[in-house]
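Novice: from the sequence below, what's the structure:
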Amino acid sequence: MSNRPGLAADRRNAVIDAAITEFVRAGFEATTVDVIARLAGVSRRTVFRYFAAKEDIVVAWSMATGPMLAAAIDAELTRRAPLVAATSAVLCHLGDNEHIQGLSLEVARLIEATPSLKARAHEKYAAWEELIADTLARQGADPIAAAMAATVAIGGLRVAVTQWLRLDGARSVLALTQDAYAALPRLNGDG
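Specialist: This next block holds a predicted model:
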């Protein structure tokens, strides 16, 4: 086995890609680790080297969004309006990734329909909140304001994803997230 970091990352990503494709095609329960390994071009042992359980693969796929959300946060905006910076980063990410909306909807359906995945879905949201809050604080936002902004931004996304599933993808998750954020002033009777 090579110790090159790039090769390990390539193998891990191949496992994730193969697994997500097969989970969507055949279902979570019907997809075995042997099938994932074969599709990824690796051994069963390699799959388990990176992931202790199939659920971990779905969580890893979802977690990849976190760094992209953090990278989209505008430092100048953070100092003036951390909530606007956080919600703008989420909307920017959704806009930049509309091309995978179909796959994202299929994975969201898979998570919703699989009790073991649904139970772990909160992990990704909590990790995204923490990453956004840390980024906002590093960029000069008050730590409490940063944490609150991150929680509200991800909370709005969660509301949008729930609606997206209820509507079976009839409206884009971007539009639904915009609607969720637009509702914020009305919560205080301001709009």
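
Novice: tell me the mean pLDDT for stretch 72-80?
Specialist: Stretch 72-80 shows a mean pLDDT of 91.

Novice: do stretch 117-125 as well
Specialist: pLDDT averaged over stretch 117-125 gives 90.

Novice: for the residue nearest the centre of the chain, which non-adjacent residue is closest in space?
Specialist: Closest residue to the average C-alpha location of the chain: residue 62 at 3.9 Å, with Cα atoms, centre = their mean. Nearest non-adjacent residue to residue 62, counting by Cβ to Cβ, 6 or more residues apart in numbering: residue 124, 4.2 Å away. Glycine gets a C-beta too; all of them are placed from N, C-alpha and C.

Novice: for that neighbour, give me its contacts.
Specialist: Contacts for residue 124 (Cβ atoms under 8 Å, 6 or more residues apart in numbering) come out as 59, 62, 63, 65, 66.

Novice: show me how to select, in PyMOL, the buried members of the residues you listed.
Specialist: Burial among the contacts of residue 124 is assessed by 16 or more other Cβ atoms under 10 Å; the matching PyMOL selection reads:
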select buried, resi 59+62+65+66
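
Novice: is it possible to export the contacts of residue 124 to JSON lines including distance to residue 119 and secondary structure?
Specialist: JSON lines is the format used below for the contacts of residue 124 (distance: Cβ to Cβ, whole Å; DSSP: H, G, I helix; E, B strand; the rest coil):
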{"residue": "59", "distance to residue 119": "11", "secondary structure": "helix"}
{"residue": "62", "distance to residue 119": "14", "secondary structure": "helix"}
{"residue": "63", "distance to residue 119": "16", "secondary structure": "helix"}
{"residue": "65", "distance to residue 119": "19", "secondary structure": "helix"}
{"residue": "66", "distance to residue 119": "19", "secondary structure": "helix"}
